[in-house]
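S.K.: Please work out how this folds:
(chains A and B)
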There are 2 protein chains.
Amino acid sequence: MARMRCKRCRQPAVIEVRRHNAAFCRDCFFHYVRQQVTRAIAKHSMLAPGDRVLVAVSGGKDSLALWDLLLELGCQADGLYMSLGIGAYSERSREVGQAFADAHGAKLVVCDLAAEHGYSIPEAAGSGGRSSCAVCGLSKRYVFNRVALEGGYDVVATGHNLDDEAAVLFANTLRWDTATMARQFPVLEATRPGLVKKVKPLYRLAERETAAYCVLKGIDYVVEECPLVAGNTQLRHKETLNRMEEASPGTKHNFLFGFLDRAAELLRSADAAELTECSRCGMVTQLPEDPDQAPVCAFCRSRERLLGAKARERALPVVRVNAR
Amino acid sequence: MARMRCKRCRQPAVIEVRRHNAAFCRDCFFHYVRQQVTRAIAKHSMLAPGDRVLVAVSGGKDSLALWDLLLELGCQADGLYMSLGIGAYSERSREVGQAFADAHGAKLVVCDLAAEHGYSIPEAAGSGGRSSCAVCGLSKRYVFNRVALEGGYDVVATGHNLDDEAAVLFANTLRWDTATMARQFPVLEATRPGLVKKVKPLYRLAERETAAYCVLKGIDYVVEECPLVAGNTQLRHKETLNRMEEASPGTKHNFLFGFLDRAAELLRSADAAELTECSRCGMVTQLPEDPDQAPVCAFCRSRERLLGAKARERALPVVRVNAR
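M.R.: Residues are numbered from 1 along each chain as shown, chains lettered A, B, ... in the order given. I've put the predicted structure just below:
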């Protein structure tokens, strides 16, 4: 095969983007990435001039690429790192996020889940009920919104890429969870006090493109997957989608964009949840069906279950069993 | 593993149905199959007493199981075999359909595509444009409706099973072809003169269950896939769904039934096609967007393209090339 050339400038290419039938040299790839991000921002009115943006920073390729791109675009973007308490993995993630902040003269807000809310994600993994991935997602959504609200930020930006969005949509579509599908959009407006606007400026970029962006830009990021994630459903769905993408490039793009262009609006009416304030923490939650029931948000319910399980464990005498 | 026992009668089981967490002996399996079919018929008001039903018979497991079940239920059900001209495969399929009809004292109507419409499916395969599977599907839908209309039948019944329906829905969902999705339902009413009602009484049964039904009932059917189908997209989607089903039994069921229960209604408005009569054949077709354009149905357009290609081929001098 002849060496690929950049679609824009005809120089030797460093990366191929099969779904767009394109290849790019380093500089034109940066141009392409910026173009996809500015297109996403413009198309969905994600950011207004002067907005204070809080970037959800995990230390991975997506969040650091996002932070880098937003800073380059001149946004006022602070990072929020939430420590999940996953041992050396969390420690290294925080260091990488801090190093990026220092190198770019940006501010990293750090929130420690265990210190502020009394539990870590590995503890959630051991406590039955929801999977640790579910508790982690729930905790992040809650903390990002709350920290942004308390810090006076206008927007929370997350690094969800095309692969993430396609995999989540795929999972929800397989069981036609129409209410969740109706909320899966690159932008979620703050429809009432207590909610901060959420945006996903990377939704047009594939996973390997955000990775390539970091590598080519010299951004150090945490390459390892979270050690708790192995075998989770989303990874399986990503593998399924990757096999289909391999056989037919553009499958993920067409699936996600077709949904956004043609189906999301039709499903919108499935998201009929009425909102109110959580009786525990005051944040926004769904109105209970039973009018006599005090509204308690999913985060407070999950947290109380976890703290209850921890208290019971402490109260029990420790019995050590010598196996065999 | 202990030998499985029938969920209904505790006798040794002959088949496991993992998505229902069940296993059945021969007789209870027949009971289960009949129950699923009568449930399908009742839930969607597929058949009314005295309806004359035309069963689309390919000679495969699904169509013969369907015919058998409808006859058992006391329906007035004739078969329609459409010869596609695929050599020995078509010949054997017709014989198997005829043998079933003879053994059951039923009537098989035979329609030869080449004799009546001037082309065979292998000819469609060679002529560019649509794939042969697409031409075959289009031809079948047209001929089944037309023969039923001319024969005064009330309903056309097809043997689409759960795997077929899930795979078609999967393909349409991957590209969010919402207009087609809005029409994918176990019953399609005859919404205007020229259309015959279509029903799919096997949509609750998996492929291996219709096969097992035939085997256990001693129904001889054509086991081979159509020789033209190899590598087609639907087969690939079936493999993908089978892998997911293996990892998580019930995936196909939840995908199809979740769609029917929760999403189909929301997408209904996507099917806004206005209908009219084809200016060539008089059958129902979509109203063209351009009001000056005469409406021509997809079947007539495809047929004219195919016959045109055949005529051009005959007109060209035959040049034989000695390769190498």
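S.K.: so what's A:Ala65 up against?
M.R.: Applying C-beta atoms under 8 Å, 6 or more residues apart in numbering or on different chains, we find A:Ala65 in contact with A:Val33, A:Gly159, A:Leu202, A:Thr210, A:Tyr213, A:Cys214, A:Lys217, A:Ile219. The C-beta positions use only the backbone N, C-alpha and C, and glycine is treated the same way.
S.K.: Adding distance to chain B, pLDDT and neighbour count, write those residues out as CSV.
M.R.: Converted to CSV, the contacts of A:Ala65 look like this (distance: C-beta to the nearest C-beta, whole Å; pLDDT from 0 to 100; neighbours: other C-beta atoms under 10 Å in any protein chain shown):
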residue, distance to chain B, pLDDT, neighbour count
A:Val33, 26, 98, 23
A:Gly159, 25, 98, 24
A:Leu202, 21, 98, 30
A:Thr210, 23, 98, 26
A:Tyr213, 27, 98, 26
A:Cys214, 29, 98, 20
A:Lys217, 33, 97, 16
A:Ile219, 33, 97, 18
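S.K.: How about the residues of chain A by chain B?
M.R.: A:173-178, A:236, A:240, A:243-244, A:247, A:251, A:254-255, A:258-259, A:261-263, A:266-267, A:269-270 (C-beta under 8 Å from any C-beta of the partner chain).
S.K.: buried subset of these?
M.R.: Neighbour counting by 16 or more other C-beta atoms under 10 Å in any protein chain shown classes A:173-178, A:236, A:240, A:244, A:251, A:254-255, A:258-259, A:262-263, A:266-267, A:270 among those as buried.
S.K.: end-to-end on stretch A:69-86?
M.R.: Stretch A:69-86 has an end-to-end distance of 28 Å (criterion: C-alpha to C-alpha, to the nearest Å).
S.K.: Same question for it: list its buried residues.
M.R.: Across stretch A:69-86, burial judged by 16+ other C-beta under 10 Å covers A:69-71, A:75-86.
S.K.: for those residues, which one is nearest chain B?
M.R.: Within the buried residues of stretch A:69-86, the smallest distance to chain B is 25.8 Å, found for A:Ile86 (C-beta to the nearest C-beta).
S.K.: Please name the residues that touch that closest one.
M.R.: A:Ser120, A:Ile121, A:Pro122, A:Cys226, A:Pro227, A:Leu228.
S.K.: The buried residues of stretch A:69-86 in helices, which ones?
M.R.: A:Leu69, A:Leu70, A:Leu71 (DSSP state H).
S.K.: Just the pLDDT at the last one, thanks.
M.R.: The per-residue pLDDT reported for A:Leu71 equals 98.
S.K.: ok but A:Cys111 is inside a strand, no?
M.R.: Yes: per DSSP: H, G, I helix; E, B strand; the rest coil, A:Cys111 lies within a strand segment.
S.K.: Look up the residues forming beta bridges with it.
M.R.: When assigned by DSSP bridges, A:Cys111 has beta-bridge partners A:Met82.
S.K.: In this structure it contacts A:Val143, no?
M.R.: Yes: with contact taken as C-beta atoms under 8 Å, A:Cys111 and A:Val143 are classed as touching, separated by 5.8 Å.
S.K.: Identify the contacts common to the two.
M.R.: With C-beta under 8 Å, 6+ apart, A:Cys111 and A:Val143 have common neighbours A:Leu80, A:Met82.
S.K.: Tell me how far the residue lying closest to A:Gln11 once chain neighbours are set aside lies from A:Arg19.
M.R.: Once flanking residues are discounted, A:Gln11 sits nearest to A:Cys25: 4.3 Å by C-beta to C-beta, 6 or more residues apart in numbering or on different chains. Going from A:Cys25 to A:Arg19 by C-beta to C-beta, to the nearest Å gives 19 Å.
S.K.: Tell me the secondary structure at whichever residue of the stretch 1-150 of chain A sits closest to chain B.
M.R.: The minimum distance from the stretch 1-150 of chain A to chain B, using C-beta to the nearest C-beta, falls at A:Arg19 (13.3 Å). Per three-state DSSP, the secondary structure class of A:Arg19 is helix.
S.K.: about what we covered before: out of the contacts of A:Ile86, list just those in helices.
M.R.: Among the contacts of A:Ile86, the members falling in helices (DSSP H) are A:Ile121, A:Pro122.
S.K.: which of the contacts of A:Ile86 lies closest to A:Pro291?
M.R.: A:Ile121 (34.6 Å; C-beta to C-beta).
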